[in-house]
Structures are given as structure tokens and as C-alpha cells.
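> please work out how this folds:
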Amino acid sequence: MSRRKSDFGSFGCLLVAAISLLFLIPVKVWITIAFLIALGFIVYLFSKKQEGKVKQEAEEKKIFKEITINTRSSSMVPPKIKNKENKIKNSIVSNESSEKASANEDHCENKPRWVASSELNIENFETFDYDDQPNNFKIPNPSRNSNKAMWNPPGSEIEFAHRKIVNSMVYTGTFLPSIDGCGNDPCLLTPSKQVCHYGDCTQRQMSYWPNYSDISPEARAAYLDWLASGRRQPDADIGYVFLFFYGLERRILFDSETDSSIYAEWPAIEHELQELMDVYGPKSGSFRNYASDLLNWIQLSHLDEKLWEKPFDIQLQSNRILPFKLKIALGRAVVDNIPISANMALAWLLSTPEINLRTPVKRCFEEFVKLFILEYQKEYDKGMVVPPNRTKLKFCYHPASSSFRGLEYHLPLGDLPDISFLTKPLKKLQDLVDKISLQIEPYSRFIGRNTEAAGTMSALMLLPLDVWPENIINQMSVLKTKIGDDFLILTLNDLMQNFGMNEIALKQDLVRILDALKVKNIEMEPDVLSGVKPPKPEDNIVLFSVNDNSPVQGLTKEYQFALLNIQMASAVAAADGIYDAKEVSHLNGLIESWTQLSPGLRKRLKAHLQLLQTTPVSLAIMKKKLEPLDSASKEIIATRMVTLAQVDGNVAPAEIKVLEKIYRTLDLDPAKVIQHLHKVAAGVSITSAKTGKQEFKLDRNKIAELQKDTEKVSTLLAGIFVEEALPPVEPEMVETDATPELNSLFGLDQTLSDFARHLLSQMEWAQAELQDIAADLELMLDGALEQINEMAYDQFDMAFIEGDDPLTINQEILEKIKQ
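Okay, the predicted model is just below:
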């Protein structure tokens, strides 16, 4: 009891002493202590608040990752695309995912929240709602509908930053998460960003991989003006085209994976891409490649199985890239054991840079196409059969937008061979192209010098007959029917009108017509093709047909003697003014007896006889023609004609009278006729006028004697029948290209260039795949890769392909080559 009292008393004393001491402390000290305690409490509260914020951000980041992964879980291997006819809908990005992604935006590199504008003149800008809060300030979560990004589909019209954009096809809104999850997608038109009143889209104002949120207000104005103008300004900077292209790329590759109704928009997007490529492709190889690949993705996603059944468009391309659709058609044809049709072969050779197309092909493209189809069908009938090769067809799309950050999209194609690497089919096609180029080269050269003559008959006659106008071909068939086995007499002018010509512009025109008639086995007398003077338009000509392959041109020595005989005999027959049927029949029989001549030449002599009936040759004209010859030469000619008269074994009195007149024309004594008859033909009977019809009998010895000395006399007759040679045709010079096509890639040979181009089609290759491709090209893989890398180091100071298995294409060099 006493102990407890003692303890309590001690405690009380201490308490009193402590209180006394507190009262002794100065007031200033108490104020300082109170301030320190308050400050410590404030610091404690702030640290607890920051700790809660960090935990919340970590949780939001985790949720956003899960959403992003689920959204693009199949982006590496897209699903098989099916045609849908769903109604077009606006695609709205989920507010929930965008809210959670906003916390992650600060952690992405090179993604500033706004563009500094301290150096800009504020009078040049339109100011919209702008985020000027400090970075460390937590912005309250907006309402669900305030943070949506919207796709404006084809055909829609929007107003943005006081600009009306028709057929917009753009994303607008506050936030659209990029595919890789780092901030806004570059294509998004964000209304909170400043935009100038005006901009110049022809000036480069953006860096590589532009982002609408990051570019300057001037560049935004230029881009929006370009969109509002219809997107078809050829002089616009290609960066604006790419910025718009990013949105189309996202819509096709990313949005379509989760919303099948978007497939209904694809035709309109395809049309837009094609027009953009037509306008901007020629100025930017990089854009042309990306746009072409995205077009391929659209087109290849819904192809028919029997693609080889449908014809391909045949057109001459300035930039020759083998379409992937054609590669698939060729591969499916090979797998199905279907011959490559003329249409597919033509599309193939016109698209691949491995085929050299010379100037005649480009200048006379329509004629080339017609001839190629005809020649290809002659050579390969239903088509060229190509065996399958080891290289398999693959289509890999590398997105242009930085939103995808290195992702690749692969289109499943099955086990189709890529026959574009086979050299033998291309060699056959090149040979055919060269053959046809030579056939159309005269026409190409002619219209090259005379552009106004293109399409005229004078020019068209330089082409092979197969590509002449159909109405002219029909007229030739009509002529063939009229002639039959007989002779057709008409004027040269009538013949020209059958070919759509009122007159002959050039003497070579007649030669071309005669060459065309010859294809139809139709010949003309006079024999202009042998050098006889061409007739005048009003002169008569004789057309006749030849049904065998015997010679029909009168260049032989035997023919020259026979022609002289007929002309002399005809002149004698017409001398009395009466050229009756008996005389014609006699001369026809005489011609038929000259079997030393081919059937074709005998028919030409008969045609000449027909011509002599309409236009007789007088003895005076014949005498004038033979005047330059000396008497010895004339006697040799007379002897030959006597021998020719005895070929049938009989010399009738009428023939003797004709020979006597011929002797007078040659200034020889007519009395020598009988002497020469007995001298050159002992044993030949000379019948009286009363002698009946004699049996026709050929004397082979006389024929042999006739042929023996023709060499000596032929030079004497050379100038008689060729009265006026046609002007010589200019020698055919091969038309060369001023700028030959360059199919090489940075100096590599053709085969290595083909190999390198194929390597660029995807970013990563298995060793076995490259072995197959090298085998198809007959290359050693290691050596080929070494040479290609050497080229890359020489050109770009970097490797082309790296690694062992798999091998990886250098992304940086890919961009340089595409540019």
C-alpha cells in the first residue's frame, strides 16, 4: 500500500517538473516545433497519395496490355477472308480500351503530347480545345462518348477544321490506339491539335513515318487542304499521301479482322488505292510498292480457285512488276496440269522485267498482241506446259505505318509453285517476242518516220498478212473465188480498189500487194516481182492461181526463150489484125508442150498470152527491142526458136510462116528457116497444110538441145524482158532502243537480280526455302548471297541479308531500295 503511494508520488513529481519546464520554453521555439510537425504531416499525406497513383497506373497498364493483345491476337496470321455483303458501319474504338491506353502513352518514345508553339505567330492559327495542363496533372476520366475515334467510310462527307472532306475515308477523334499500343495511331485526325489557316502540300514539311499528332500546324493545314481537294494533286509531297495511306492500311489489315462487315468497303478502298497509285506511283517507287502490295492483299484475299480460266488485262506497263494475282494463276495452272494460255503468257511477258521489249513492240503494241497470239498458238497449240518447280509461292505484307512497328501479315496460299523463277519458259517467250519484233519492225520504222501514215493501207501492208484489216482479207478471198482455175483480167486500178487504195502511193505498194496475193497463191502478169516494168493504173493485168509449189517467177533462162517465142508469135498472129481463137489455141498447145518449164511457169506464159490478146505487141516493137543485138546473137536466138518449134515433133506450115516473119523481124533471111529446120532437127517431118491431125509427140533430144546453149544466149535476153526495175528497197536495219531496259538490280546480273528481288518479298527466310529458290535459278546459295551482300555494301554500306537459319533481310536496306 505504501509502495503504490510512493510510485504515484514520484510520477506526479515528474509530471509537475515536466510541465514546469514546458512553460520555461520560449514562444518562438514552440512556433518552430509546430511548423515542423505540420510540414511532416503534409509530406506524409502526399507520399501516400503518390503511392496510390502508381499502383493505379500499374493496374491500368496491365489491363490495357490484355485488351491490346486480345484485339490483335490474330494479326500475325490473318483469318481466311470471305466475301460479305454487310452494310457499311462506322467503326468506333472502345472508350474503355482508349482510357486504359492513355496511361501508357507517356511511356512511348518519340511521342510528344503536343507541339511547342512559342515561336509561332498566333495570328496564323485557329485555336481549338487544347491540352495545356502540366504532365504531372491527372486529367479526370472523360465521359464514355467523349473519347471515341470514328472511321468515316467511303462516300461519307465530313467537316474538319473548317474544311469539307468528301469521300473522306479517314479516322477522326480524340484517341485511337496504335496497333503496337504506343499512343495515337499516326493516321488519326485529332480535333484538339492546332491547324494553320492555310498550307502548301507541295512542300516537304514532315519527317519519315509522319504522325498527324506530331507534325507542325502548317503541315496539318497542308494535309487537310490536300484531303479537301480530292487527293489527286500530282505535285503534292508524298508524305501526305502516305499519311492518308496509313488509315486505309489500318482499315484493311486490322479492323477487318474483327468486323466482317468492313469487307463491303474493300471495293471502294481498292478503287481509291488504284487511283492514288496512278497519280503518285510514277513519282515515288516506295509508295508504288506499298500501294501495289496492299492492292494485292485486297485482290488475293478472295480469288477463284480456277483463276487461270479468266482472261487477264493486256496492257503495256511503264513499271513492269509481275502481279501476284498472275503468279497465283500461273501456279494454279501448273498444279492443275493446265497449259499456260496465250493470254496468260502475254500478261506474263508484259509484266516481268526479265523479258526485253524492243521499240517495235511498244510502238506497234496492238499489232504485236495480235501476232503474238497467232504465233503462240501455232507454236504451242493450246498452250505451253510448265512442270512445277521447288520454290513455293508466298505473299508477305510489310505495313508502311509505324503503328504496326515491324509486324508482318502473311496470306495463306497453300502449296503453289512460284514459276516466275523458271528460266526456260521465259527463254521461250523471249524468242517468240524477238521473232515477232522482226516481223513488225518495217511497219514500226515506217510510222516512226511518218506518224500521219499510221493505219493507212500503205503502212499496214508492211505488216504480216495475218494482221491486215479483215475487210482486205475478205476481198482477197473474193478474188480467189473469181479466179478459180481460170484467169481474171482487170485493170491495175481495179486491183488497188480491192485493197482500199485509189492509187499507188509508192511503187513498193504494188510489190507488197503482190506479196500478199502470193500468200493466197494468186499471181499477177506482168511479172512485176521478177523486175518487169509495173503497169500503169489504167493498164490491164491478169490474175491467176497456182495450186502447186512449182516455180512461178520468170527468172529462168528457159522461160525467157519461151516468152520471146510467145511474144514474137503473138505479134505475127496479130499482124494481120485478126487474132482468132485458133491461133490462141495453137499457142496454148505450144506452151503446154514445153515441159522443160514448171507447171507454174507454163501457166504464167498462158496468162501472158491472155494479156497479149488485150494488149498485143507489134512486130515493130519487137524489132526495136532486138535492134541492139548483133547479127550473130540474132541468129542464135532464131536457131533457139526453131528448135523450140520442133519440140512437139511436128512443124506445121503455119508455124513455118510465123518463123519466116520472125526472121524478117530479126533482120535475117526468111529462106534460112527451112535450112535451119533441117540443120537443127534432122528427121523432123515438115507436114503440108493438108496433113491431118498428127499425134502429139515430144522429142526429148530436141528439148535437151534447146537447154544446152541457153547459157550463151541468156545474157543477150536479159535486157529485153526486165524493162524497168523497181527502186531498190532500203536495207532493213534493226531498230534499236535509245534507252535499253535495265533489268539489273544495282549492277547484279539478271539471275542474281531476280534472286534479290524475290528475297525482298518477305523479311525472314528459312535456309531450306532459299535452297529451293536457288535451285530453280540454277544458283549456288552461299555464293549468290555473298555477291548480293557485296553489292549492298558497295551501294549502301550495309548488309542485304543477315543471319544463318533463319536469314533476315535488313529492314533499313529494304526502305532504301523501295525509295
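
> from here on, just use CA atoms for contacts and neighbour counts.
Will do.

> okay, now the unreliable bits of the stretch 351-500 of the chain?
Along the stretch 351-500 of the chain, no part satisfies pLDDT under 70.

> strands of that one, start to end?
Assigned strands in the stretch 351-500 of the chain, in chain order: 395-397, 409-411, 487-491 (criterion: DSSP state E, counting those that start in this stretch).

> in which helix or strand does A219 reside?
Taking DSSP states H and E as the criterion, the element that holds A219 is helix 217-228.

> now G247
For G247, the element it lies in under DSSP H and E is helix 238-250.

> now the angle from the helix holding A219 to helix 238-250?
Angle, helix 217-228 to helix 238-250, by axes from the mean of the first three to the mean of the last three Cα atoms, to 10 degrees: 60 degrees.

> for helix 217-228, packing partners?
Packing partners of helix 217-228 (3 or more Cα pairs under 8 Å, 6 or more residues apart in numbering; DSSP states H and E): strand 163-166, strand 195-196.

> return the helix or strand in the chain with minimum mean pLDDT.
Ranked by mean pLDDT, DSSP states H and E, the helix or strand of the chain with the weakest confidence is helix 95-102, at a mean of 39.

> still on that earlier bit, so which bits of the helix holding G247 are buried?
Residues of helix 238-250 classed as buried: 238-250 (neighbour count, 16 or more other Cα atoms under 10 Å).

> report the distance from whichever helix or strand comes after it to the chain centre.
Following helix 238-250 in sequence order, the next helix or strand is helix 256-258 (DSSP H and E). In terms of Cα atoms, centre = their mean, to the nearest Å, the centre of helix 256-258 is found 34 Å from the chain centre.

> buried ones in helix 256-258, by neighbour count?
Residues of helix 256-258 classed as buried by neighbour count (16+ other Cα under 10 Å): S256, E257.

> could you give the angle of the next helix-or-strand element following that helix to helix 238-250?
Downstream of helix 256-258, the first helix or strand assigned by DSSP H and E is helix 266-280. Here helix 266-280 runs at an angle of 160 degrees relative to helix 238-250 (the same axes, to 10 degrees).

> in helix 266-280, which residues are buried?
Buried residues in helix 266-280, counting neighbours by 16+ other Cα under 10 Å, are found at W266, A268, I269, E270, E272, L273, Q274, L276, M277, V279, Y280.

> my guess is P526 meets V532, correct?
Yes. Counting by Cα atoms under 8 Å, V532 is a contact partner of P526 at 6.7 Å.

> about what we covered before: give me the mean pLDDT for the helix holding G247.
Regarding helix 238-250, the rounded mean pLDDT is 97.

> how distant is it from the center of its chain?
Per Cα atoms, centre = their mean, the displacement of helix 238-250 from the mean C-alpha position of its chain is 27 Å.

> what's in contact with it?
Helix 238-250 is contacted by residues 169-171, 186-188, 201, 204, 206-208, 210-212, 223, 226, 231, 269, 280, 284, 287, 294, 399-401 when judged by Cα atoms under 8 Å, 6 or more residues apart in numbering.

> okay, and which of the residues you listed map to strands?
Applying DSSP state E to the contacts of helix 238-250, the entries found in strands are V170, Y171.

> ok, which stretches of the stretch 351-500 of the chain are helices?
359-363, 365-380, 423-449, 457-460, 470-483, 492-498 (DSSP state H, counting those that start in this stretch).

> got TSV for the ones you listed, with mean neighbour count too?
As requested, the helices of the stretch 351-500 of the chain are exported to TSV (neighbours: other Cα atoms under 10 Å):
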stretch	mean neighbour count
helix 359-363	20
helix 365-380	17
helix 423-449	17
helix 457-460	20
helix 470-483	15
helix 492-498	17
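
> low pLDDT regions in the stretch 701-819 of the chain?
Counting by pLDDT under 70, the stretch 701-819 of the chain has low-confidence residues at 701-746, 776, 814-819.

> burial of E558, as a residue count?
Using other Cα atoms under 10 Å, E558 has 18 neighbouring residues.

> run a quick neighbour tally on V43.
11.

> no no, V519
Residues near V519, counting by other Cα under 10 Å, number 10.

> state the pLDDT value of it.
In this model, V519 is scored at 85, pLDDT.

> for it, give me phi and psi.
phi -60, psi -30 (degrees, to the nearest 10).

> with that, I have no additional questions.
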